[in-house]
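Asks: Prediction below, plus the sequence it came from.
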Amino acid sequence: KSVGLVADIFSEKRLKRLPGDIAVGHTRYSTAGASALKNVQPIMVNYSLGSLAIAHNGNLVNAVELRKDLESDGAIFQSTSDSEVIVHLIANSRENSLYERIIDTMRKLRGAFSLLMMTENEIIAVRDPYGFRPLSIGTHNGAYVVASETCAFDLIDAHYLRDVAPGEMVIINRDGIKTFKPLHAQRLASCIFEFIYFSRPDSCIFGNQNVNAIRKELGRQLAREHPAEADLVIPVPDSGVPAAIGYSEESGIPFDFGLIRNHYVGRTFIEPKHSIRHFGVKLKLNPVRKLLENKRIVVVDDSIVRGTTSKKIVKMIKEGGGAKEVHLRISSPPTIGPCFYGIDTPTRKELIASTHSIEEIKKYICADSVGYLDIDGLLKVVGAPEEYCSACFDNNYPVFSPEDKAEQIGLF
């Protein structure tokens with residue numbers, strides 16, 4: 001394991017040095033713990049019951065408290081990742097078997113955790129009782145595979161079988177597959193932002209719902225709520241594309257790609273440093289003047305976080321593209337609260353919608369109009385609103401209230 005792109009780290013030569021018939025892998029998006037080699041997963045340890053490798057998707061809201069307790073008992077941490085807390089809890093558990101230790105550990109964790117664990121002869125998949133993050137099981141040539149998104153199954157021609165249920169522990173070995181469900185929550189709280197931005201559009205999540213189809217319907221609902229007199233609908237690529245298509249289909253306004261994305265640049269929203277995000281917008285997007293010049297443009301994006309990126313995009317369309325008007329449409333409600341469960345949104349004071357009205361946001365980003373999808377419209381599209389966490393839009397935190405933690409959980 002190392003820091004960098006998967007294709008650069010796992011060369012053909014290195015892969016040939018990895019024999020065996022079970023494996024666990026992880027590409028890390030840092031939310032707790034810096035982007036450093038010591039925090040790269042899987043975390044691998046040797047302890048009293050043998051060897052264990054752990055990969056974690058999510059964020060633990062009680063990681064700091066658990067870490068302090070473990071350190072006071074003599075535990076020595078090698079990383080700043082909240083995921084290492086899980087390893088120490090399993091190793092220090094007084095239960096006898098590994099399964100009992102994992103269940104004992106699960107009961108101590110608060111927050112989001114979709115986990116894959118590997119021993120010398122089996123894979124164990126675990127999902128928190130709220131079901132914050134997706135985790136799916138597939139089959140491939142008689143074997144089982146587990147992934148956080150089903151698009152990974154498509155890559156190897158595996159077939160989706162089912163989701164790991166919230167609170168479930170799935171054990172996969174030579175004897176087949178067996179499951180336990182040791183944890184139950186008072187409610188489900190699957191992350192609604194997975195549909196809006198985080199998951200890939202070719203994945204199916206949370207009960208095999210296609211992300212692309214949901215995003216297109218969000219765009220249609222947005223067009224119904226916030227119509228605009230315009231000549232062209234364009235997306236902010238790539239995450240805004242499905243919603244922009246939906247908006248165009250519902251409104252009857254033609255769709256085209258008025259912003260071209262440089263695909264050799266990553267996602268600006270999740271870049272860890274402001275300086276990289278700032279320059280990354282111009283490096284990432286370029287307007288097509290022939291399409292935009294002297295036209296009234298509806299530009300569709302998935303969200304506004306700080307507002308700085310949206311401001312640059314509107315300026316780019318007007319000045320670089322020569323557009324006459326720019327009407328910004330957002331396929332999610334205003335983001336007013338930070339995420340504590342595995343998406344690296346900023347602190348509350350950095351979220352523009354938490355401190356500014358929509359009219360103030362419009363003036364700041366220099367758009368002719370701004371329209372956000374209403375939260376009722378969002379919940380109508382995804383269905384079963386009681387099964388989703390929408391705390392970033394309504395401050396209704398399922399594990400703790402905003403009063404308990406006013407700011408996003410910081411890095412250790």
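Replies: Now that the structure is in, tell me what you want to look at.
Asks: How is the protein partitioned into domains?
Replies: Domains of the chain are assigned by automatic domain parsing as 6-186, 213-382.
Asks: pLDDT on the longest one, on average?
Replies: Predicted confidence along domain 6-186 averages 90 (mean pLDDT).
Asks: Figure out the length between the terminal residues of it.
Replies: 38 Å (CA to CA, to the nearest Å).
Asks: Give me the distance from it to the chain's centre.
Replies: 17 Å (CA atoms, centre = their mean, to the nearest Å).
Asks: one step back: most tightly packed of the domains of the chain?
Replies: Ranked by mean neighbour count, the domains of the chain are led by domain 213-382 with a mean of 19 (mean count of other CB atoms under 10 Å). Every C-beta, even on glycine, is put in place using the N, C-alpha and C of the backbone.
Asks: Span of that one from start to end?
Replies: Per CA to CA, domain 213-382 runs 10 Å from first to last residue.
Asks: so can I have a markdown table of the domains of the chain showing distance to residue 202?
Replies: As requested, the domains of the chain are exported to a markdown table (distance: least, CB to CB, whole Å):
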| stretch | distance to residue 202 |
| --- | --- |
| domain 6-186 | 5 |
| domain 213-382 | 11 |
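Asks: for those, which one sits closest to residue 398?
Replies: For residue 398, the closest of the domains of the chain is domain 6-186, at 5.8 Å, according to CB to CB.
Asks: so residue 260 makes contact with residue 284?
Replies: No - if you go by CB atoms under 8 Å, residue 260 and residue 284 don't touch, sitting 9.7 Å apart.
Asks: With respect to residue 193, which of the domains of the chain lies nearest?
Replies: Nearest to residue 193, of these and by CB to CB, is domain 213-382 at 5.9 Å.
Asks: Which stretches in the stretch 251-400 of the chain count as helices?
Replies: Secondary structure of the stretch 251-400 of the chain (DSSP state H, counting those that start in this stretch): helices at 274-284, 289-292, 308-315, 352-355, 358-365, 375-382, 391-394.
Asks: Among these, single out whichever gets nearest to residue 136.
Replies: Checked against CB to CB, the stretch from the helices of the stretch 251-400 of the chain lying closest is helix 375-382, at 17.7 Å.
Asks: Could you list every helix and strand in contact with the closest one?
Replies: Judged by 3 or more CB pairs under 8 Å, 6 or more residues apart in numbering; DSSP states H and E, helix 375-382 is in contact with helix 211-225, helix 391-394.
Asks: what's next to it, contact-wise?
Replies: If you take CB atoms under 8 Å, 6 or more residues apart in numbering as the criterion, helix 375-382 is touched by 192, 195-196, 209, 214, 217-218, 221-222, 224-225, 332-333, 385, 388, 390, 393-394.
Asks: Same question for stretch 193-201.
Replies: By CB under 8 Å, 6+ apart, stretch 193-201 touches 133-134, 149, 151, 191, 205-206, 209, 211-212, 214-215, 218, 239, 241-242, 269, 302-303, 331-332, 339, 343, 378, 382, 392.
Asks: Which positions within that stretch qualify as buried?
Replies: Using 16 or more other CB atoms under 10 Å as the test for burial, stretch 193-201 gives 193, 194, 195, 196, 197, 198, 199, 201.
Asks: wouldn't residue 102 be in contact with residue 126 here?
Replies: Yes - applying CB under 8 Å as the test, residue 102 and residue 126 come out as touching, 6.5 Å apart.
Asks: and of the buried residues of stretch 193-201, the nearest to residue 165?
Replies: Closest approach to residue 165 among those (CB to CB): residue 194, at 16.6 Å.
Asks: Pretty sure the closest one sits in a helix.
Replies: Yes - with DSSP: H, G, I helix; E, B strand; the rest coil as the criterion, residue 194 is part of a helix.
Asks: what about the nearest residue to residue 59 once chain neighbours are set aside, distance to residue 128?
Replies: Excluding its sequence neighbours, the residue lying closest to residue 59 (CB to CB, 6 or more residues apart in numbering) is residue 342, at 4.2 Å. Counting by CB to CB, to the nearest Å, the separation of residue 342 from residue 128 is 10 Å.
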